[in-house]
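S.K.: Would you be able to build a 3D model of this:
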Amino acid sequence: MSIDQPTRRVIALAPMPPEKSAYALARYSRSPDTIEDSLRWVHGHSSEKFWDQFYFDYGHASIADLGHVIICFEDISELAAIRLEDEPLWDGQAKSSRYQNFASGGWYVPDSIRGSETEGTYHGILRSLAEIYRLLHQPLTQFISEREPRPESMKQADYQRTIAARAFDVTRYLLPLAAKTNVGQVVSIRTLEKQITRLLSSQLPELRSIGDELKDACQRSPVNVWGELSGQTGAQEPLAPTLARHAKANDYQASVYLDLARYAKEALQGTGLDQPATWGAQEPVELIESHDPLDEIVTTLLYRVSHAPYRNILAVVRSWTEKQKQETIDVAMSARGPYDELIKEFRSGYAFTFDVLMDIGGWRDMHRHRRCQQIQQNFTTLHGYEVPPPLVQAGLDHEYRQAMDAVRSDIEQLKKTSAEGSLYATPFGFKVRCLFKMDYAEAEYIAKLRSGVKGHWSYRTIAWLMKQKIAARYPALGDRIQATSPDIEDTLTR
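M.R.: Here you go, the predicted model:
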């Protein structure tokens with residue numbers, strides 16, 4: 001007597017509206033039906049009723065991981081692009097400032113300063129940055145071309161693109177966070193709902209507006225250029241109308257960092273943490289020693305709303321009583337609702353914690369790493385700016401320093417009338433401090449990948465120093481990391 005083997009099938013499904021595909025796959029996992037039968041069933045039933053019941057009423061959040069959307073954001077500021085990409089479960093690409101000329105892309109102007117004298121000051125800063133951006137590009141291109149002549153094996157077009165990219169590597173230090181860019185993302189509708197909520201809860205008006213527009217886009221028929229080119233007719237179903245309808249601002253997310261900032265200002269008064277002169281030497285990369293989990297969480301919460309190095313804040317926290325530490329935790333949790341996730345500053349216990357101080361432009365590339373926890377301090381001119389080595393080598397650093405010094409002075413003046421405007425006017429060349437918490441596998445990956453000769457010298461240096469810090473403390477682990485010293489260069493490799 002023979003036993004029939006079941007017929008194996010591997011099936012690729014055509015794209016569907018995300019809420020419908022997630023509904024179909026959720027039902028498929030909960031019934032004996034084939035996928036075809038599940039699709040037919042879903043087609044004849046209300047997906048809105050399903051989402052209202054299971055996702056919102058019962059809290060079965062994982063079903064929203066089964067539907068994905070493609071969303072594009074055009075003419076948003078670089079600052080907004082950074083905040084869009086803050087999602088840990090996020091896939092996307094932003095318009096690259098390493099390979100494109102941003103000089104004519106325009107700038108974001110906050111509504112709060114439109115039509116005021118402050119707007120004139122703001123435009124003056126951006127015009128000066130755009131002017132030096134344009135002026136430096138041609139002599140830099142010529143300098144790099146003369147230093148790195150085209151090999152016979154390299155096509156002229158490839159060579160020109162590579163040289164231009166290396167020049168943009170330098171001039172992008174003059175781009176402000178107000179520079180306009182485009183971002184394309186592919187995310188699950190679960191991540192999409194979190195993203196909308198986070199944007200609507202932001203302190204920045206631009207982000208709140210983007211959140212509203214994102215909700216609206218998910219409730220309208222999507223742009224279907226590909227379908228039209230392929231002969232499809234008729235309007236498409238909205239991407240995620242039910243999730244978008246329910247997404248709203250979150251009181252906890254909207255208030256927690258403001259509460260922490262107010263608390264930190266009072267709790268840290270007299271410690272010197274608000275005075276850069278008391279911080280001591282600032283290294284680009286510091287590997288923090290292991291310490292008590294409570295101290296780590298408290299220090300991280302305070303770090304987020306400070307500009308001081310982690311080690312300095314930790315030294316203060318270690319001197320506190322248990323009650324003082326618990327007060328910090330209470331502030332960070334007091335407004336938390338029953339369904340609110342803890343903010344990411346509570347994600348602790350990683351073996352490797354790096355406090356990194358680097359230019360905003362290079363940090364933008366490090367920001368892409370999502371298998372680690374990143375706690376970024378607010379953008380500021382307080383830490384000074386980086387001077388790209390090729391500018392020094394080309395003898396053009398004097399013009400750059402003059403421009404950056406003038407801009408820093410202008411931003412400090414602008415801050416008196418518009419903190420929002422001064423934030424957007426901050427160029428990529430200024431430094432930002434960010435905490436990176438990770439395991440060994442991620443440290444090895446970042447050090448190896450980002451130190452390669454194809455990369456930008458800024459993050460190559462940071463990645464190399466990460467390896468060096470690990471090797472100094474844990475030689476058996478650090479010596480296994482195959483990182484490349486930034487002293488090894490290959491300008492024509494991309």
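
S.K.: how many neighbours does the residue nearest to residue 60 when sequence neighbours are not counted have?
M.R.: Spatially, and ignoring its direct neighbours in sequence, residue 60 is nearest to residue 54 (4.7 Å; CB to CB, 6 or more residues apart in numbering). Using the backbone N, CA and C atoms, a C-beta is placed for each residue, glycine as well. Neighbours of residue 54 under the rule other CB atoms under 10 Å: 16.

S.K.: again, but for residue 89
M.R.: Residue 89, neighbours per other CB under 10 Å, totals 12.

S.K.: which ones are touching the residue nearest to residue 60?
M.R.: Applying CB atoms under 8 Å, 6 or more residues apart in numbering to residue 54 gives the contacts 26, 60, 63.

S.K.: closest to residue 169 among these?
M.R.: Checking these against residue 169 by CB to CB gives residue 63 as the nearest, at 43.7 Å.

S.K.: Is that closest one in a helix, a strand, or coil?
M.R.: Three-state assignment for residue 63 (DSSP: H, G, I helix; E, B strand; the rest coil): helix.

S.K.: all strands in this structure, in order from the N-terminus.
M.R.: Along the chain, counting by DSSP state E, strands occupy 68-77, 91-94, 180-188, 285-287, 352-359, 373-376, 431-438.

S.K.: Please dump those into CSV; it should also carry mean pLDDT for every row.
M.R.: Conversion of the strands of the chain to CSV gives the following (pLDDT from 0 to 100):
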stretch, mean pLDDT
strand 68-77, 95
strand 91-94, 93
strand 180-188, 95
strand 285-287, 98
strand 352-359, 98
strand 373-376, 98
strand 431-438, 98
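
S.K.: Between those strands, which one is closest to residue 336.
M.R.: Once the strands of the chain are compared by CB to CB, strand 373-376 is nearest, at 18.1 Å.

S.K.: which among the contacts of residue 54 gets closest to residue 342?
M.R.: residue 60 (20.9 Å).

S.K.: any idea how far that closest one is from residue 53?
M.R.: Between residue 60 and residue 53 the computed distance is 9 Å (CB to CB, to the nearest Å).

S.K.: Residue 383 too?
M.R.: Counting by CB to CB, the gap from residue 383 to residue 53 is 51 Å.

S.K.: Looking at those two now, which is surrounded by more residues?
M.R.: Using other CB under 10 Å, the more surrounded residue of residue 383 and residue 53 is residue 383, with 19 against 11.

S.K.: got the strands of the chain as TSV, with distance to residue 229 columns?
M.R.: Compiled in TSV, these are given as follows (distance: least, CB to CB, whole Å):
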stretch	distance to residue 229
strand 68-77	16
strand 91-94	22
strand 180-188	18
strand 285-287	49
strand 352-359	42
strand 373-376	39
strand 431-438	42
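
S.K.: Nearest to residue 339, out of those strands?
M.R.: strand 180-188 (18.6 Å).

S.K.: relative to strand 68-77, how tilted is that closest one?
M.R.: 160 degrees (axes from the mean of the first three to the mean of the last three CA atoms, to 10 degrees).

S.K.: List the pairing partners of strand 180-188 within its sheet, with orientation.
M.R.: Strand partners for strand 180-188, identified by DSSP bridges, are recorded as strand 68-77 (antiparallel), strand 91-94 (antiparallel).

S.K.: out of the ones you listed, nearest to residue 319?
M.R.: In terms of CB to CB, the element of the strands paired with strand 180-188 nearest to residue 319 is strand 68-77, at 40.5 Å.

S.K.: Quick one: residues in contact with the closest one.
M.R.: For strand 68-77, the surrounding residues in contact (CB under 8 Å, 6+ apart) are 18, 80-81, 84, 106-108, 177-189, 192, 206, 210, 214, 217-218, 239-240, 424.

S.K.: Let me know how buried residue 372 is, in neighbour terms.
M.R.: Other residues close to residue 372 by other CB under 10 Å number 21.

S.K.: picking that back up, adding distance to residue 22 and mean neighbour count, write the strands of the chain out as JSON lines.
M.R.: Listed next are these as JSON lines, based on distance: least, CB to CB, whole Å; neighbours: other CB atoms under 10 Å:
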{"stretch": "strand 68-77", "distance to residue 22": "9", "mean neighbour count": "17"}
{"stretch": "strand 91-94", "distance to residue 22": "17", "mean neighbour count": "16"}
{"stretch": "strand 180-188", "distance to residue 22": "8", "mean neighbour count": "18"}
{"stretch": "strand 285-287", "distance to residue 22": "42", "mean neighbour count": "19"}
{"stretch": "strand 352-359", "distance to residue 22": "36", "mean neighbour count": "23"}
{"stretch": "strand 373-376", "distance to residue 22": "28", "mean neighbour count": "19"}
{"stretch": "strand 431-438", "distance to residue 22": "31", "mean neighbour count": "22"}
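
S.K.: so which of these comes closest to residue 451?
M.R.: strand 285-287 (12.1 Å).

S.K.: What pairs with that closest one, parallel or antiparallel?
M.R.: strand 352-359 (antiparallel).

S.K.: Report the angle between the partner strand and strand 431-438.
M.R.: With the same axes, to 10 degrees applied, the angle from strand 352-359 to strand 431-438 works out at 160 degrees.

S.K.: Please report the distance of the residue lying closest to residue 186 once chain neighbours are set aside from residue 183.
M.R.: Leaving out its chain neighbours, the residue that sits closest to residue 186 by CB to CB, 6+ apart is residue 91, at 4.9 Å. Distance, residue 91 to residue 183, using CB to CB: 11 Å.

S.K.: For the helix or strand bottoming out on mean pLDDT in the chain, buried residues please.
M.R.: Within the chain, confidence by mean pLDDT, DSSP states H and E is lowest for helix 47-50 among all helices and strands, at a mean of 84. Applying a neighbour-count criterion of 16 or more other CB atoms under 10 Å, one finds 47, 50 buried in helix 47-50.
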